[in-house]
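Visitor: curious how this folds, go ahead:
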Amino acid sequence: MNSPSQLIIAASEAYDRGRYDEAVGICRELTLATPDYGPAVFLFAKALKKLGQLTESEPLMRKAAELMPESPDVLNELGTVHSALGDYAQAASCFSRVIQLDPKHADAFYNKGNACQRMEEFEKAVSCYQEAIKLNARDHEAWTNLGKLHHELNQLEQAVAAHERALQISPEFPLGHWNRALALLTTGRLLEGFSDYEWRWRMGGDIFVPRNYPQPRWAGEPINERILFVHAEQGFGDAIQIVRFVRQARRRAARVILECPPALKRLFEHSECADTLITLGQTPPAFDTYAPLMSLPGIFHTTLETIPCQTPYLQSPSDGGAVTTPTSHLKIGLTWAGNATRDQNALRSIPFKELTPILQTPGTAFYSLQLPLSESDEARLRAVPNLVDVSRQLEDFSHTAAVIAQMDLVITVDTAVAHLAGALNKPTWTLLQHVPDWRWFLQRSDTPWYPSMRLFRQSVRGDWNGPIQQVTAALKELVLGRGSRPQLRAW
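Guide: Numbering: from 1, shown residues only. All right, here's what the predicted structure looks like:
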């Protein structure tokens, strides 16, 4: 029988060589024989963590910390397990203890910064990353995380500077380029931002997966006798916003094949967005060159001044069916929440009950375009006498466009409905979170993407009271002045 010292050596060797299953097996045998042998329990927990078995790793990691309470490395690993399981408060507590034991533990400062960032304790997180950088000035990941925090705090110039430090250290760091792209685009530096935006294809994971067709990527050159395939990527709103650039592409190619999600196909076909339209999953017809849809602004060297802003560039079909009844009231389409699966959706969405001041504006008739509609919101919606739910009629975006065409105004948060209403040149009021998506830029109340749109911004993170008060006041003014105006405008 092997001795405990022989087993721990064998387990360590297996772990170091990436044979984590083997390490787990040896540690399981070892801890049965010597359950309170701290190094074996710790190695067992680390191997399980490497295998992604976090719920099995966590109690063992806690036991290792109890057996070796003065070990910074054990406590740091326990903190990373808590973080991976979403218990950021416990993680931060572990990392704080590591820092007490070893004030020069750069990884603990970095990890605590991550945990504080997840808890939206941004000032604490900034301090932690700054300390990590003091201890290791060439930690490019700490620099770009610091940049992301500056972005969250609306400190865009500092964000760009931090990302640039990360890229000076590691020029081929995809996440650094991606984060700098978002910061640059938000500040309106589109040429530089869209250049960095191409690094999304090198980030790995399942969000940005390059197609890698054998045909060459299109770089914008004239291809008058060749066929261009523009493939879909990202969300509905992205597609609606950027499809405007396909018209420019059609001027340079013999034909353009456009791929889109099924929910957009009928709308894009009716709007004649491309020569041929296919849906995701279909095999494209023969083509000579291709481009991702979201790469088109960069291909055309787009700046704030050259954004194609002619609207409408989408048209609603005429067979959508009437959803409104004759009324002298202002007809308003309403959306208050985005896709729950998207990052930061909670920040861009408004709890339905907070819309009460808007909904109580006299002389208004509201029509809910909200999809999906939660059970709680559905019950609240039924209690509002001047709000009609038309969402069940919205089978795809062509139906949504047909309903929007019947509205006088659309009030929405940052969703695909905002882009659709803007693309249809419908007067649109969009309520934005404190740090919005890059395409809404900063401070301005208009947008070069959609001339008919007005922006209402949070001044404090998470506080919708200000924008809702502004919308309510503007809506009352609009209702009062409507009778003297020949045509309703967003302003």
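
Visitor: hmm, who's touching stretch 350-364?
Guide: The contact list for stretch 350-364 (Cβ atoms under 8 Å, 6 or more residues apart in numbering) reads 328-330, 332, 334, 336-337, 366, 376-377, 380-381, 384, 386-387, 411, 413, 431, 464-465, 468-469, 471-472, 475-476, 479, 482. Heads up, the C-betas are built off the backbone N, CA and C, glycines and all.

Visitor: redo that, cut-off 7 Å
Guide: The contact list for stretch 350-364, computed with Cβ atoms under 7 Å, 6 or more residues apart in numbering, reads 329-330, 332, 336, 366, 377, 380, 384, 386-387, 411, 413, 431, 464, 468-469, 471-472, 475-476, 479.

Visitor: filter those down to the buried ones.
Guide: Neighbour counting with 16 or more other Cβ atoms under 10 Å marks 329-330, 332, 336, 366, 377, 380, 384, 386-387, 411, 413, 431, 464, 468, 471-472, 475-476 as buried within these.

Visitor: residue ranges with poor pLDDT in the stretch 351-491 of the chain?
Guide: 483-491 (pLDDT under 70).

Visitor: which residues in it form helices?
Guide: Counting by DSSP state H, counting those that start in this stretch, the stretch 351-491 of the chain has helices at residues 356-359, 375-382, 397-405, 416-423, 465-481.

Visitor: just those helices: most buried one?
Guide: Most buried of the helices of the stretch 351-491 of the chain, by mean neighbour count (mean count of other Cβ atoms under 10 Å): helix 416-423, with a mean of 28.

Visitor: who are the packing partners of it?
Guide: The contact analysis (3 or more Cβ pairs under 7 Å, 6 or more residues apart in numbering; DSSP states H and E) places helix 416-423 against helix 236-242, helix 397-405, strand 409-413, strand 428-432.

Visitor: which one of the helices of the stretch 351-491 of the chain lies closest to residue 126?
Guide: helix 465-481 (25.0 Å; Cβ to Cβ).

Visitor: so what's the closest residue to residue 51 other than its chain neighbours up against?
Guide: The spatial neighbour of residue 51 that comes closest, neighbours along the chain excluded (Cβ to Cβ, 6 or more residues apart in numbering), is residue 20 at 5.1 Å. The contact partners of residue 20, by Cβ under 7 Å, 6+ apart, come to 47, 50-51.

Visitor: where does residue 290 sit, in terms of helix or strand?
Guide: Take DSSP states H and E as the rule and residue 290 turns out to sit in strand 289-292.

Visitor: span of stretch 143-162 from start to end?
Guide: Stretch 143-162 has its terminal residues 5 Å apart, counting by Cα to Cα, to the nearest Å.

Visitor: hmm, who's touching that stretch?
Guide: Contacts of stretch 143-162 (Cβ under 7 Å, 6+ apart): 113, 117, 122, 125-126, 129-130, 133, 163, 165-166, 169, 175-176, 179-180, 182-184, 186-187, 434-435, 442.

Visitor: just those residues: which are in helices?
Guide: Among the contacts of stretch 143-162, the members falling in helices are 113, 117, 122, 125-126, 129-130, 133, 163, 165-166, 169, 175-176, 179-180, 182-184, 186 (criterion: DSSP state H).

Visitor: which among those end up buried?
Guide: Buried among the ones in helices among the contacts of stretch 143-162 (16+ other Cβ under 10 Å): 113, 117, 122, 125-126, 129, 133, 163, 165-166, 169, 175-176, 179-180, 182-184, 186.

Visitor: number of nearby residues for residue 222?
Guide: For residue 222, the count of nearby residues is 9 (other Cβ atoms under 10 Å).

Visitor: how far away is the nearest residue to it once chain neighbours are set aside from residue 22?
Guide: Closest residue to residue 222 apart from its sequence neighbours, by Cβ to Cβ, 6+ apart: residue 252 at 5.0 Å. Going from residue 252 to residue 22 by Cβ to Cβ, to the nearest Å gives 57 Å.

Visitor: again with residue 29
Guide: 11 Å.

Visitor: cool, residue 7 as well?
Guide: Applying Cβ to Cβ to residue 7 and residue 22 gives a distance of 12 Å.

Visitor: out of the two, which sits in the busier spot?
Guide: More crowded of residue 7 and residue 22, by other Cβ under 10 Å: residue 7, with 20 against 16.

Visitor: quick one: residues contacting that one.
Guide: 26, 29-30.

Visitor: tell me where the model's unsure across the stretch 51-200 of the chain.
Guide: In the stretch 51-200 of the chain, no residues with pLDDT under 70.

Visitor: can you give me the helices in it?
Guide: 54-67, 72-84, 88-101, 106-118, 122-135, 140-152, 156-169, 174-186, 190-197.

Visitor: which positions within the first one qualify as buried?
Guide: Residues 54, 57-58, 60-65, 67 are the ones in helix 54-67 that count as buried (16+ other Cβ under 10 Å).

Visitor: between those, which is closest to residue 402?
Guide: Nearest to residue 402 among the buried residues of helix 54-67, counting by Cβ to Cβ, is residue 54 at 47.9 Å.

Visitor: any idea how this structure splits into domains?
Guide: For the chain, automatic domain parsing gives the domain ranges 4-202, 223-299, 330-484.

Visitor: residue 211: which of those is closest?
Guide: Nearest to residue 211 among those is domain 223-299; the distance by Cβ to Cβ comes to 5.9 Å.

Visitor: quick one: average pLDDT of that closest one?
Guide: Taken as a whole, domain 223-299 has a mean pLDDT of 97.

Visitor: am I right that residue 23 falls within a helix?
Guide: Yes: applying DSSP: H, G, I helix; E, B strand; the rest coil, one finds residue 23 inside a helix.

Visitor: most neighbours of all the contacts of residue 20, which one?
Guide: The residue in those with the most neighbours, by other Cβ under 10 Å, is residue 47 (25 neighbours).
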